[in-house]
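Visitor: have a look; sequence and predicted model below, questions after that.
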Amino acid sequence: QIHKIKHMTDYSKTIIKGTSVIFTSTLVTSIIAYLIKIFLARNLSISEFGLVSSIISLFGIFLILPGAGSGRAVAKLITEEKTKQNFKEIKTLIKTGFLTNLAISTILGLLFIIFSKQLATHYLHDPETAKYIVIYAMGFILTPTIGIFKSIFMGYKQSKNYSIIDFSKTLLTLIFVFIFIKLNFGLMGVILAYVLVYILPLILFYPLFIKKTFPNFHKINAGVKFEKAKKILSIGIPLTIASTAGVIFGYVDTAIITIFRSLEEVALYNISLPTIKIIWNFERALSVILLPVVIELWAKKDNIRFLNGIKKVYKYIFMIVAPIIIILVTYPELILNILFGPQYVGAANTVRILALASIIIIFSKINLSIITGISSPKKVGKAMLLGALLNLGLNIILIPKIGINGAAIATGISFSFILLYTNKELKNIANINYPIKNIMKIIIASIVSMGTIYFLKAIINLNVYLEAILVLSIAAIMYLFIIFTLKVVSKEEIKRLIRK
């Protein structure tokens, strides 16, 4: 029994180490991606920025076909063959997987090129933008060059190598965008920057693959096998269907805004959502630690510590996120003006809606992580797919009528459904309940703090930046005072957390 517990602890440490590397890289990559949006918003017109966002979303919708499912299928099969030390089969999988995805991306890319004028006219509402679709389609064809390296590093469980791919791609995009904008290449330069990053993986990752991952790759004689392609697709197609939810939440809202509204609104929405996603990173950070610990406590049948730990997770995350939500609700105009410029202040109400929905979204994501750890990933897929389909339907209904605020409302309602669905599952699986008393206390502290902000804003007449600093400082003191007074958390509890 002691050996089993030690084994589980070591296993958890391994998972935490691997996921921590990926999370750190993902966090840095998200910050770089946000910097790209700030730079583009500052250097392109609002309609040009909207155009770039619409093109990225269009291709993003179809990106799952040559990537998401089959990529994970190749990784799974590589892992299986690696345990058998069957390197010839691994090489066959790599070559077959790459060429299969390349065939799919080539067919799709050529279709985009052939129908570029129609897409420019009916999707982007401007026939002159066809050239940008053609250029981006050329990069789309090359997406398997990145995907295959992801599959290889995932299959070999090389977390550092895997995590560096998206980081490098995003950093290079920022560098190319900066260079082309400064060289006055304009909008075409931006599109070229996004395309070039699909050409460089062979230069960047191929040497790493040969030296560190598969040194004997060229010494082994293995070809492409049709039956391997069939096996990859048989595993990959269900995974691709499961990935549909992520695509709907990630890209479809922008595509629907493009179709029914204006490129200016696309631009506003595409600075609102990334701004709010900064808050969602707290959940991602928490899941890095939460998931392995949940698996271990559940496996040990340590139900008391398991349930207490889950309640603390909900409490701490709400307590930390609430002040950030308050700032985004009360000062969105100031934040948008500082980061993106005055032309983007029109996104303020969308930021407010998404900020208020954030706690629902974060709790939903935590629930999904817990279910993944203690139950079936299929239940997670079902919850996400149903929520995504609801999101799609609401977007189609709300966006034509109320624009980007409709997209934000659709996101909030969809994740409310996911939250209710996952709550029911967790109640059935482990009898998990929320720490209602502490949540209500945090809500009281938040409402009082927000009321304080609006009251002070009404009576203080200072420079807008000095006012914000003064008002938010007073509100922060008020928030902390209430949190400690109502005993949501104690100083001793904080000290224990810091020591841990």
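Guide: Alright, I've got the coordinates. Numbers count the residues shown, from 1 in each chain.

Visitor: which parts of the stretch 101-250 of the chain are helices?
Guide: In the stretch 101-250 of the chain, the helices defined using DSSP state H, counting those that start in this stretch lie at 116-122, 130-141, 144-155, 159-182, 186-196, 201-208, 226-242, 244-247.

Visitor: give the rounded mean pLDDT of the helix or strand hosting Leu93.
Guide: Secondary structure from DSSP states H and E places Leu93 in helix 87-114. Averaging pLDDT along helix 87-114 yields 89.

Visitor: ok, Ile432 touching Val313?
Guide: No. In this structure, Ile432 is not within contact of Val313 by Cβ atoms under 8 Å, at 10.4 Å. Quick note: C-beta positions are derived from backbone N, CA and C, even for glycine.

Visitor: more neighbours, these two?
Guide: Neighbour totals were compared for Ile432 and Val313, and Val313 leads with 22 against 19 (other Cβ atoms under 10 Å).

Visitor: and the more buried one, which of the three is it?
Guide: The three-state assignment at Val313 reads helix, by DSSP: H, G, I helix; E, B strand; the rest coil.

Visitor: what separation do you get for it and Phe87?
Guide: 42 Å (Cβ to Cβ, to the nearest Å).

Visitor: swap in Tyr251?
Guide: 37 Å.

Visitor: so which of the two has more stuff around it?
Guide: Neighbours per residue (other Cβ under 10 Å) separate Tyr251 from Phe87, with Tyr251 holding more: 21 against 16.

Visitor: show me what contacts that one?
Guide: 56-58, 60-61 (Cβ atoms under 8 Å, 6 or more residues apart in numbering).

Visitor: okay, the residues you listed in a markdown table with distance to Thr422, neighbour count and pLDDT next?
Guide: As requested, the contacts of Tyr251 are arranged in a markdown table below (distance: Cβ to Cβ, whole Å; neighbours: other Cβ atoms under 10 Å; pLDDT from 0 to 100):
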| residue | distance to Thr422 | neighbour count | pLDDT |
| --- | --- | --- | --- |
| Ile56 | 30 | 17 | 93 |
| Ser57 | 27 | 21 | 92 |
| Leu58 | 31 | 21 | 92 |
| Gly60 | 26 | 16 | 89 |
| Ile61 | 26 | 17 | 87 |
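
Visitor: mind pulling up the pLDDT for the closest residue to Leu63 other than its chain neighbours?
Guide: Spatial nearest neighbour of Leu63, excluding adjacent residues (Cβ to Cβ, 6 or more residues apart in numbering): Thr143 at 6.5 Å. Listed pLDDT for Thr143 reads 88.

Visitor: same question, Glu493
Guide: 71.

Visitor: can you give me the neighbour number for it?
Guide: 13.

Visitor: and Arg352, by the same measure?
Guide: Arg352, neighbours per other Cβ under 10 Å, totals 19.

Visitor: apart from its neighbours in sequence, what residue is nearest Ile460?
Guide: Ile460 sits nearest to Glu467 (Cβ to Cβ, 6+ apart), 5.4 Å away.

Visitor: name the helix or strand for that neighbour, please.
Guide: Going by DSSP H and E, Glu467 is in helix 464-485.

Visitor: go on, Ile371?
Guide: Judged by DSSP H and E, Ile371 forms part of helix 348-374.

Visitor: tell me how far that helix lies from the chain's centre.
Guide: With Cα atoms, centre = their mean, to the nearest Å as the basis, helix 348-374 stands 12 Å off its chain's centre.

Visitor: one more: stretch 198-217?
Guide: With Cα atoms, centre = their mean, you get 26 Å for stretch 198-217.

Visitor: same check, this time on stretch 322-333
Guide: 21 Å.

Visitor: one more: stretch 385-401?
Guide: Taking mean C-alpha positions (Cα atoms, centre = their mean), stretch 385-401 and its chain are 19 Å apart.
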